[in-house]
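K.L.:
Sequence isn't available, so here's the structure alone:
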């Protein structure tokens, strides 16, 4: 090392021009530098700086934590747990007993005991024939599955066997001295809480079934299972038949106890405990079914989340969220209709864009805070349509068939309820439905024609298409934190909420299905006359500007046909083939 350091100093002290002349000398210098670096690293390994020590400590902590987790898992579910020296299948608890059978109740009690003996005996047979030999093969490395898959297959079945064996011992002791006064309901009540171990087993059963199916695809594994299944203690049962036994056992308990209750006299002291045990076991069965359903829902949710790109899948996985429905819908947009893939969950509605390889990116997430769904009748332009109304964005979508639409509506009822709206919804906060750009060629306020320079704009309060002059107004709306662009009609009407939106919709709702040549003041438009009113005073509006809404001129005594009313103080009426806004205070309803 000293030679290397001295030679390095000597080389570095030489002029650079001489070094450049000798390529072989440069190679030697690189070799010396590499050796010097190795030696320096070797020396520094014993006394590194604080930062490297800190990183090493963190790595050690992580290794220790990982090791502790593995040790805990091995402790909970060891590959080969300690077995008693004597054969458990030869135990006294499996021997039959002589019971006096005098009535149906005695026969049902005997069936409870015999089925429990068969069940516990089958669990021990599972350990001897399949579980322990498979564990030995895993340790030898000759089995086609790893430890994690092995633990998934058998889960906590060892703990279940211990609980049921204790239950069998107590049950057999009671029935050994059976008489009409003997009670067994309290024996069930003692074990009910521990039977919740079946929930853990049920949650892993579906995954275990998939692992076993993959395991049986290899010929050598099939031969191993068939060879083990030929042993006498198996009684001809296959491996999968043993694994499903714990899933069926809780339901079997409910059936047997219910039958025992039917044949127990009303004055019998065991009846109260039997009914309590039956209710408790039914609650456990419900918990198991709900846990399995929740696990299935989460698995399906995780599968959907993996199809989303750019790390947005984290927004899909939310606690308590359930998946309801998904599919493609045609979304009505400003310029053209677009096909989008929508996902409906229990708390939100997601608009997604389909990418390559059936992957998706999220365009918008509409949470069920202020949301409602409106059913649209079929028209020439849209069939199988319905509207999504939300405080952020509202739009119309239509399905490919009536069946697809009904499926969507049914799924929305699951999330929003039968009313298809969130509780205590504030209609004023909902965004309006925007009219498509091609729905009209004229401004719906001043009727000026749209051109390349006179562009279309949308009112943020009512959604109609207007020109730039008629949308040159800003206004605060409910649910908006800033002023937004509104048309002249909505700007003049107060309050800035539902009244303005509905007043504009009343004169423009038919524009979606009318031809472009129709006019908002044409007398041929089909509007229902609500009532007639008589003018009490003359009304002559000031000279109309292009950006103002059209007001109707009338004289005292004129009879007007009113086609729309609200609380804003202005009505829409017709007179002499003309239509416009009139002040309601100038008229009297006939």
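P.N.:
Structure's in. What do you need? What you see is a predicted model, and the numbers here were worked out from it, not measured in a lab.

K.L.:
which secondary structure elements does the longest helix anywhere in the chain contact?
P.N.:
Scanning the chain for the longest helix, with DSSP state H as the assignment, gives helix 271-305. Applying 3 or more CB pairs under 8 Å, 6 or more residues apart in numbering; DSSP states H and E, one finds that helix 271-305 contacts helix 185-191, helix 197-215, helix 245-262, helix 313-316, strand 323-331. The C-beta positions use only the backbone N, C-alpha and C, and glycine is treated the same way.

K.L.:
Now residue 165. Nearest residue, chain neighbours left out?
P.N.:
In space, and not counting its chain neighbours, residue 165 is closest to residue 120: 5.5 Å by CB to CB, 6 or more residues apart in numbering.

K.L.:
Give me the neighbour count for that neighbour.
P.N.:
Counted with other CB atoms under 10 Å, the neighbours of residue 120 add up to 25.

K.L.:
same deal with the one 3 residues further on?
P.N.:
Residue 123 has 22 neighbours, counted by other CB under 10 Å.

K.L.:
any chance of the helices and strands packed on helix 271-305 in a markdown table, plus mean neighbour count and mean pLDDT?
P.N.:
A markdown table is the format used below for those (neighbours: other CB atoms under 10 Å; pLDDT from 0 to 100):
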| stretch | mean neighbour count | mean pLDDT |
| --- | --- | --- |
| helix 185-191 | 18 | 91 |
| helix 197-215 | 17 | 88 |
| helix 245-262 | 17 | 91 |
| helix 313-316 | 15 | 70 |
| strand 323-331 | 17 | 91 |
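
K.L.:
Turn these into TSV, columns for distance to residue 342.
P.N.:
Below are those laid out as TSV (distance: least, CB to CB, whole Å):
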stretch	distance to residue 342
helix 185-191	48
helix 197-215	28
helix 245-262	36
helix 313-316	14
strand 323-331	5
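
K.L.:
So the residue nearest to residue 165 is in contact with residue 166, correct?
P.N.:
No. Between residue 120 and residue 166 there is no contact under CB atoms under 8 Å: 9.9 Å.

K.L.:
Where does the residue nearest to residue 165 fall, secondary structure wise?
P.N.:
With secondary structure defined by DSSP states H and E, residue 120 is part of helix 104-126.

K.L.:
So which bits of the helix or strand following that helix are buried?
P.N.:
Sequence-wise, the next helix or strand downstream of helix 104-126 (DSSP H and E) is helix 132-140. Across helix 132-140, burial judged by 16 or more other CB atoms under 10 Å covers 134-135, 137-138.

K.L.:
Can you name every helix or strand that helix 132-140 contacts?
P.N.:
Helix 132-140 is packed against helix 147-154, with contacts defined by 3+ CB pairs under 8 Å, 6+ apart.

K.L.:
Roughly how far does residue 137 sit from residue 146?
P.N.:
According to CB to CB, to the nearest Å, residue 137 and residue 146 sit 12 Å apart.

K.L.:
go on, residue 171?
P.N.:
Distance, residue 171 to residue 146, by CB to CB: 38 Å.

K.L.:
looking at this protein, which helix or strand is least sure?
P.N.:
Least confident helix or strand, the chain: helix 498-508 with a mean of 40, by mean pLDDT, DSSP states H and E.

K.L.:
State the next helix or strand along the chain beyond it.
P.N.:
Downstream of helix 498-508, the first helix or strand assigned by DSSP H and E is strand 531-535.

K.L.:
avg pLDDT for the helix or strand that comes right after that next one?
P.N.:
The helix or strand immediately downstream of strand 531-535 is strand 559-564, counting by DSSP H and E. Mean per-residue pLDDT for strand 559-564: 86.

K.L.:
re the thing from before, can you give me how far the longest helix of the chain is from the chain middle?
P.N.:
19 Å (CA atoms, centre = their mean, to the nearest Å).

K.L.:
what comes up buried for it?
P.N.:
Neighbour-count burial for helix 271-305 flags 271, 273-274, 277-278, 280-282, 284-285, 287-288, 291-292, 295, 297, 301, 304-305 (criterion: 16+ other CB under 10 Å).

K.L.:
same thing with stretch 457-471?
P.N.:
Using 16+ other CB under 10 Å, the residues of stretch 457-471 that count as buried are 457-467, 469-471.

K.L.:
Ok, stretch 351-368 next?
P.N.:
Using 16+ other CB under 10 Å as the test for burial, stretch 351-368 gives 351-352, 360, 362, 365-366, 368.

K.L.:
Just the ones of those in strands?
P.N.:
Per DSSP state E, strands hold the following members of the buried residues of stretch 351-368: 351-352, 360, 362, 365-366.

K.L.:
just to revisit the earlier point, of residue 171 and residue 146, who's got more company?
P.N.:
A side-by-side neighbour count of residue 171 and residue 146, using other CB under 10 Å, places residue 171 first with 21 against 10.

K.L.:
still on that earlier bit, which one among the buried residues of stretch 457-471 gets closest to residue 443?
P.N.:
Closest approach to residue 443 among the buried residues of stretch 457-471 (CB to CB): residue 467, at 4.1 Å.

K.L.:
Setting aside sequence neighbours, what's the nearest residue to the closest one?
P.N.:
residue 443 (4.1 Å).
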